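Chemist: One predicted model, sequence on top.
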Amino acid sequence: MNSPTPVSPTAAAVPQSPFDPFDIFGSSLAVQQAWLRQPERLAAIVQDLALDAVRVHSRLARAGCGIPSDPEVTAVRFDERFQQAAWTDQPWFAYLKESYLLYSRWLEDAIYATEDVDPQQRRRAGFWTRQWLDALAPTNFFWTNPEALNRAHASQGVSVLQGWQHWLEDAAAKNVQMVKPDAFEVGHDLATTPGQVVLRNELLELIQYAPATAQVRAMPIVLVAPWINKFYIMDLSPRNSLIRYLVSQGFTVFVTSWKNPGPEARATTLDDYLLKGVRPAFEAARTICNVPQIHATGYCLGGTAVAMLLAWLNADATDRAANPVAHWTTFTTLTDFSDPGEIGVFLNPGSFDFLRQRMAKTGYLDGADMAGAFRMLRPNSLIWHYVIHSYLYGEDLPPSDVLFWNCDSTRMPAAMHEFYLQELYMNNRLIEPGGLEIGGRRLDLGAISQPLYAVGAEQDHIAPWKQTFRLCGLTGGPARYVLATSGHILGIINPPVTPPKRRFWVGDATGAQDAEAWREQVEKAPGSWWDDWTRWLGERCGPLGTPPSLGSAAYPPLEPAPGRYVREG
C-alpha cells in the first residue's frame with residue numbers, strides 16, 4: 001500500500017451541499033473523484049488488495065484441510081473486539097476477522113493516501129468511513145460473534161432474552177446507554193465532599209468546601225469547571241475525587257457549578273461567562289479567605305476561560321496591578337486551536353451554519369448533541385462496546401461514576417457557543433496578540449506573567465497534548481508541564497494509589513515550543529501527578545493557618561454542597 005502523499009497546493013475542496021452540512025457524502029465524493037483521476041495508481045492498489053485477499057482465502061482453504069498456518073491479517077493488541085481465541089482458532093471466524101480487517105484497513109489507507117484532495121475533506125472522508133466500518137464489524141452481529149453464540153448456548157437462551165430487554169430499554173431512552181440513569185445520585189454517591197454554596201447568580205454557583213485538616217494554606221484554590229459539563233467530574237466518588245484530595249492536603253477549595261441554560265439564556269455571551277461568572281468567583285474566594293490573590297485552576301474549556309480572563313486583566317494597568325490570580329493551573333486546555341483534535345472533523349463552514357441555524361431556533365445547543373459527537377470519536381469503545389455487551393451478551397451495565405458524569409450533559413447558550421466555535425475553533429483568534437476582543441479589551445496571552453502549571457494527557461483525543469503544550473510558549477511567565485498517561489478524563493482524574501498504576505512526564509517548559517523535544521529531555525516518573533502538583537502548590541499558596549469560615553458576611557452560605565444548579569436537567 002502506498003503511504004499517504006501530501007496534497008497538491010493547487011488541490012481544492014469539493015463544494016459542500018447545504019443538505020450535507022457535515023460533509024459526509026461530499027468528502028467521500030472528493031476522494032472517489034481524486035482516485036478516478038489516477039487510474040494507474042488505483043489499479044495498482046486494487047491489485048495489492050486482490051493479492052492479499054487471495055492469501056486470506058487460501059488460509060481458509062488450508063484450515064479446511066486441517067493444515068495449520070499463521071494468520072495473514074492480525075488485529076492490533078488494543079482492539080478488544082477480536083481478543084477471544086475463536087477469532088484465531090476457529091477457521092470460519094478467523095476468516096471473517098481477517099477479511100474484515102483486510103478490506104477495512106485497505107479502504108482507510110486508500111482514503112488517507114489520496115492525492116490532490118483538500119486535506120480536511122480527506123480527513124472527514126476517513127472519519128465518516130470509519131463510522132460505517134466500525135458499525136459493520138462482525139463482532140456487532142449475533143450470528144458472527146462467537147462469544148455471543150457461546151453465551152446463548154451456555155445460558156440456554158437467557159442471555160438473548162436479557163439482551164432483548166436491554167435493547168427495549170435503550171430504544172425507550174433513544175440512546176445506547178453506557179450506564180443506568182439511576183446508578184448514582186448526585187449529592188448521595190457523587191459530589192459528596194462537604195461544603196456550602198457561597199455565591200449564586202444567573203450563571204453559576206460557587207461552592208466552598210469545608211476544611212479537612214486543622215490548618216490550611218492561606219491562598220485558596222478556585223477550580224473553574226467547563227460549562228459544557230457539570231463540575232462533579234472533579235468530585236466523583238470519594239476515591240476518585242480531586243476536590244476531596246485537595247482539602248485533605250490542607251487547601252481551601254472553591255469550584256464553579258454552572259447553571260444549565262435554557263432558551264432564556266440565548267443571548268448570554270462568552271464575555272458574560274468570563275466577566276459575570278469566573279471573575280466574580282475569584283473575587284468571592286479572595287474576599288472570604290481575606291487574601292489578595294488566589295490560585296486559579298481550569299479544566300478543559302475552564303482553563304481556556306482562565307487564560308482569557310488573565311489576558312483580559314493584564315490588558316488594563318489597574319486590573320493588572322490588582323490581579324486576583326497569583327498563579328494558575330490548566331488541565332487538558334486548548335488555547336491554540338490550529339489542531340483541535342478529532343473533534344475538528346465536525347467543524348467546517350457548512351456544519352457551523354447548520355448549528356447556528358439550529359441554535360437560533362432553540363436558543364441553545366443541546367448537550368446530547370455534544371455527547372453524541374464525542375462518542376463518535378471513539379465508536380468502538382463508547383458505542384459498539386455497549387451494543388455487544390448489553391445486547392449480544394445480555395450483560396447488565398456496570399456502574400461507573402465517570403460514565404454517569406459523562407452522560408449528565410449540559411446545554412450551551414446560542415450566542416456564547418456561536419462565538420466560541422467561530423472565533424476560537426475556526427478562526428483561532430486567541431493566539432493572535434490583539435486578535436480576540438472580550439469585554440472591550442484585546443487579549444494577548446503573552447501578557448500573562450503568572451506562573452503556570454499545565455497538564456496534558458498522552459491519549460487525549462479532544463485536546464491533543466501537543467496543542468495543550470503550546471500554552472507554555474504562548475504566555476510570558478514560567479511554566480511547568482505535566483504529560484499524564486491515559487486520556488482526557490482518566491489522565492486528570494488520577495488519584496495516587498499503591499502500587500502506582502500510571503506514570504507521567506514532568507519538567508520545566510518555560511517558553512518551550514517543541515513538545516516532543518521537551519518530552520525527550522524529561523524523565524517519566526511513576527505514580528500520580530497529583531502529588532507533584534500539590535507540592536508545587538504548597539510552595540506557592542502561603543503558610544499554614546486557621547481555616548477560613550464557610551462564607552462571610554458579604555457571601556453568606558446559601559445551601560449545602562453540591563447546590564441546586566448541578567441537579568438541573
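Modeler: It's in. Small disclaimer: the values here were computed from a predicted structure and weren't measured.

Chemist: can you pull the contacts of the nearest residue to Asp508 once chain neighbours are set aside?
Modeler: Leaving aside its sequence neighbours, Asp508 sits nearest to Arg480 (Cβ to Cβ, 6 or more residues apart in numbering; 6.0 Å). For every residue, glycine as well, the C-beta is placed using N, CA and C. Arg480 makes contacts with 451-454, 506-509, 536, as judged by Cβ atoms under 8 Å, 6 or more residues apart in numbering.

Chemist: Any stretches of this structure with poor pLDDT?
Modeler: 1-17 (pLDDT under 70).

Chemist: what residues go with each domain of it?
Modeler: The chain resolves into domains spanning 24-140, 195-354+410-567 when parsed by automatic domain parsing.

Chemist: Can you tell me which of these is nearest to Phe404?
Modeler: Within these, the stretch nearest Phe404 is domain 195-354+410-567; the backing value is 8.6 Å (Cβ to Cβ).

Chemist: Need the phi and psi values for Val506.
Modeler: phi -150, psi 140 (degrees, to the nearest 10).

Chemist: hang on, it packs against Asp531?
Modeler: No: with contact defined as Cβ atoms under 8 Å, Val506 does not count as touching Asp531 (10.4 Å).

Chemist: Look up the closest residue to Thr287, ignoring the ones flanking it.
Modeler: The shortest distance from Thr287 to any residue other than its chain neighbours is 5.8 Å, reached at Ala554 (Cβ to Cβ, 6+ apart).

Chemist: Who are the contact partners of that neighbour?
Modeler: With contacts defined as Cβ under 8 Å, 6+ apart, Ala554 is in contact with 284, 287-288.

Chemist: Out of the residues you listed, list just those in strands.
Modeler: Secondary-structure check on the contacts of Ala554 using DSSP state E: no residue lies within strands.

Chemist: looking at the residues you listed, which has the most residues close by?
Modeler: Ile288 (23 neighbours; other Cβ atoms under 10 Å).

Chemist: That residue is in contact with Ser552, isn't it?
Modeler: Yes: A contact is recorded between Ile288 and Ser552 when judged using Cβ under 8 Å, the distance being 4.8 Å.

Chemist: Need the overlap of contacts for the two.
Modeler: Contact with both Ile288 and Ser552 is made by residues Val198, according to Cβ under 8 Å, 6+ apart.

Chemist: Run a quick neighbour tally on Arg77.
Modeler: Per other Cβ under 10 Å, the neighbour tally for Arg77 reads 7.

Chemist: And it, how close does it get to Lys97?
Modeler: Between Arg77 and Lys97 the distance, using Cβ to Cβ, to the nearest Å, works out to 14 Å.

Chemist: Then Ala125?
Modeler: Counting by Cβ to Cβ, the gap between Ala125 and Lys97 amounts to 25 Å.

Chemist: In CSV, please show the C-alpha coordinates belonging to stretch 491-501.
Modeler: Only the C-alpha atoms of stretch 491-501 are listed here, as CSV (Å, rounded to 0.1, in the frame of the first residue of the first chain):
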residue,chain,number,x,y,z
GLY,A,491,-5.4,11.4,32.6
ILE,A,492,-6.7,14.1,35.0
ILE,A,493,-8.8,12.0,37.5
ASN,A,494,-5.7,10.1,38.5
PRO,A,495,-5.6,9.7,42.3
PRO,A,496,-2.5,8.3,44.0
VAL,A,497,-2.7,4.6,44.6
THR,A,498,-0.3,1.9,45.9
PRO,A,499,1.2,0.3,43.9
PRO,A,500,1.2,3.1,41.2
LYS,A,501,-1.0,2.4,38.2
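
Chemist: so which strand or helix has Asp198?
Modeler: Heads up, residue 198 is Val, not Asp. Secondary-structure assignment from DSSP states H and E places Val198 in strand 195-200.

Chemist: Kindly export that strand (C-alpha atoms) in PDB.
Modeler: The C-alpha atoms that make up strand 195-200 are tabulated as PDB, following Å, rounded to 0.1, in the frame of the first residue of the first chain:
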ATOM      1  CA  GLY A 195     -19.300  22.400  51.600                       C
ATOM      2  CA  GLN A 196     -21.600  25.300  51.100                       C
ATOM      3  CA  VAL A 197     -22.800  27.400  48.100                       C
ATOM      4  CA  VAL A 198     -21.500  30.900  48.900                       C
ATOM      5  CA  LEU A 199     -22.400  32.700  45.700                       C
ATOM      6  CA  ARG A 200     -25.200  32.300  43.200                       C
END
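
Chemist: Give me the residues contacting it.
Modeler: Outside of strand 195-200, the residues within contact range by Cβ under 8 Å, 6+ apart are 205-210, 254, 257, 280-281, 284, 288, 550-552, 555-565.

Chemist: Could you rerun that using 6 Å?
Modeler: If you take Cβ atoms under 6 Å, 6 or more residues apart in numbering as the criterion, strand 195-200 is touched by 205-210, 284, 550-551, 555, 557-559, 561, 563.

Chemist: Please point out which parts of it sit buried.
Modeler: When neighbours are counted by 16 or more other Cβ atoms under 10 Å, the buried residues of strand 195-200 are found to be 195-200.

Chemist: Direction included, what does the following helix or strand past it pair up with?
Modeler: Once strand 195-200 ends, the next helix or strand along the chain (criterion: DSSP H and E) is strand 204-209. For strand 204-209, the paired strands and their directions (DSSP bridges) read strand 195-200 (antiparallel), strand 253-258 (antiparallel).

Chemist: Using a markdown table, please lay out the ones you listed together with distance to Gly302.
Modeler: Converted to a markdown table, the strands paired with strand 204-209 look like this (distance: least, Cβ to Cβ, whole Å):
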| stretch | distance to Gly302 |
| --- | --- |
| strand 195-200 | 16 |
| strand 253-258 | 7 |
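
Chemist: Which of those sits closest to Ala183?
Modeler: Across the strands paired with strand 204-209, closest to Ala183 is strand 253-258 (Cβ to Cβ), at 21.1 Å.

Chemist: For the closest one, what is the distance to the chain centroid?
Modeler: The chain centroid and the centroid of strand 253-258 are separated by 20 Å, computed with Cα atoms, centre = their mean, to the nearest Å.

Chemist: which residues sit against that strand?
Modeler: 204-209, 220-225, 227, 231, 243, 246-247, 281, 285, 563, 565-566.

Chemist: Could you tell me which of these belong to helices?
Modeler: With helices defined by DSSP state H, the entries of the contacts of strand 253-258 inside them are 243, 246-247, 281, 285.
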